[in-house]
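A.B. asks: Please work out how this folds:
(one chain, ligands or ions: 1)
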Amino acid sequence: MRNNILAGNWKMNCDLPGTQSLIAEIQAEGIDNLDCEIMVAPSHLFLYAAFNASLNSPIEVVAQNVSQHHKGAYTGEVSIDMLQSVGIKTVIIGHSERRDIFKENDDQLRGKVSACIKEGMRVIFCCGEHLDERNSGNHFKTVTNQVEKALFQLEDKDWKQIVIAYEPVWAIGTGETASPEQAQEMHAHLRTFIENKYGGKVASNTSILYGGSVKPANAREIFAKPDVDGGLVGGASLDANSFVQIARSF
Ligand SMILES: O=C[C@H](O)COP(=O)(O)O
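C.D. replies: Down below sits the predicted model:
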């Protein structure tokens, strides 16, 4: 049985006081009886503070990225072991900003996913097409390729640690949301793609989140779709009231 999940990706926003106060504001909105897991992804620098601020609440603090290397001469990188040592159990991998701006490729993402799974981390794996890929009718192929290249080395049992986030790049931070029908169509396509490789049990137990300009006004309609199991939210996650409104939209 798969879970509903709402994850807030804070990207490169919020300093230390801002991180602590945003967590306190989310808690103050009243989040004890939500019908979803609730996660926030602050900057690496403030993960430990965020982890401490979230203790005794349903909020899980997760990381925005991780190195595929375990230790050594990788200036500026953060390892799985470092994340785990400050209480982090889940990491976002393959966000389109990591792919497009920082040129992370399928091989690196596959390495990151494999390393995380081996070390017991949960992974929120992002995939999504650019506008030209959708306009040329290649969006299904683009997205299934991303999933195949980074995830299809995994064994059946590993999928308990995988969450997928479908984020059409043209809908990220643009105010332009995929319609609920477009989201459902891609999520169903992905689930069938996973089923063809791993079988119905793995496919039906994998949470698939939608990301791209999710806000309180559109969340309920998107989350109502049968193959949409929640959201990965950027901009609207930086406002506690909006974020919790979205969390109440399941
Ligand atoms: O990780 C989150 C996505 O990039 C969506 O961002 P957004 O909600 O600001 O469009």
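A.B. asks: Please count neighbours and contacts with C-alpha atoms only from this point.
C.D. replies: OK.
A.B. asks: so where do the strands sit in the chain?
C.D. replies: Taking DSSP state E, the strands of the chain run over residues 5-9, 37-41, 59-61, 90-93, 122-127, 162-166, 208-210, 230-233.
A.B. asks: Highest mean neighbour count out of those strands?
C.D. replies: strand 208-210 (a mean of 30; mean count of other C-alpha atoms under 10 Å).
A.B. asks: What are the contacting residues of that strand?
C.D. replies: Taking contacts as C-alpha atoms under 8 Å, 6 or more residues apart in numbering, the residues outside strand 208-210 that touch it are 5-6, 163-167, 183, 187, 227-232.
A.B. asks: give me that answer again for 7 Å
C.D. replies: With contacts defined as C-alpha atoms under 7 Å, 6 or more residues apart in numbering, strand 208-210 is touched by 163, 164, 165, 166, 167, 183, 187, 228, 229, 230, 231, 232.
A.B. asks: Can you identify each of the helices in this structure by residue range?
C.D. replies: 16-28, 47-54, 80-85, 96-100, 106-118, 131-135, 139-151, 180-198, 200-205, 216-223, 240-247 (DSSP state H).
A.B. asks: And the ones you listed: which comes nearest the ligand?
C.D. replies: helix 96-100 (7.3 Å; C-alpha to the nearest ligand atom).
A.B. asks: Quick check: buried residues in that closest one?
C.D. replies: 96, 98, 99 (16 or more other C-alpha atoms under 10 Å).
A.B. asks: Report the buried residues of the least confident helix or strand in the chain by mean pLDDT.
C.D. replies: Of all the helices and strands that make up the chain, helix 131-135 has the lowest average by mean pLDDT, DSSP states H and E, namely a mean of 95. Residues of helix 131-135 classed as buried under the neighbour-count rule (16+ other C-alpha under 10 Å) are residue 134.
A.B. asks: From the ligand, how far out is the spatially most central residue of the chain?
C.D. replies: Here the mean C-alpha position of the chain is nearest to the C-alpha of residue 124 (C-alpha atoms, centre = their mean), at a distance of 4.2 Å. Distance of residue 124 to the ligand, computed by C-alpha to the nearest ligand atom, to the nearest Å: 10 Å.
A.B. asks: hmm, who's touching stretch 222-236?
C.D. replies: So stretch 222-236 is contacted by 3-10, 165, 173, 180, 184, 187-188, 207-212, 214-215, 242-243, 250 (C-alpha under 7 Å, 6+ apart).
A.B. asks: mind redoing it with 8 Å?
C.D. replies: Outside stretch 222-236, the residues touching it (C-alpha under 8 Å, 6+ apart) are 2-11, 36, 165, 172-173, 179-181, 183-184, 187-188, 191, 207-215, 242-243, 249-250.
A.B. asks: Residues of the protein that sit close to the ligand?
C.D. replies: 9, 171-173, 211-214, 232-236 (C-alpha under 6 Å from any ligand atom).
A.B. asks: Contact partners for residue 29?
C.D. replies: Residues near residue 29 by C-alpha under 8 Å, 6+ apart: 240, 241, 244.
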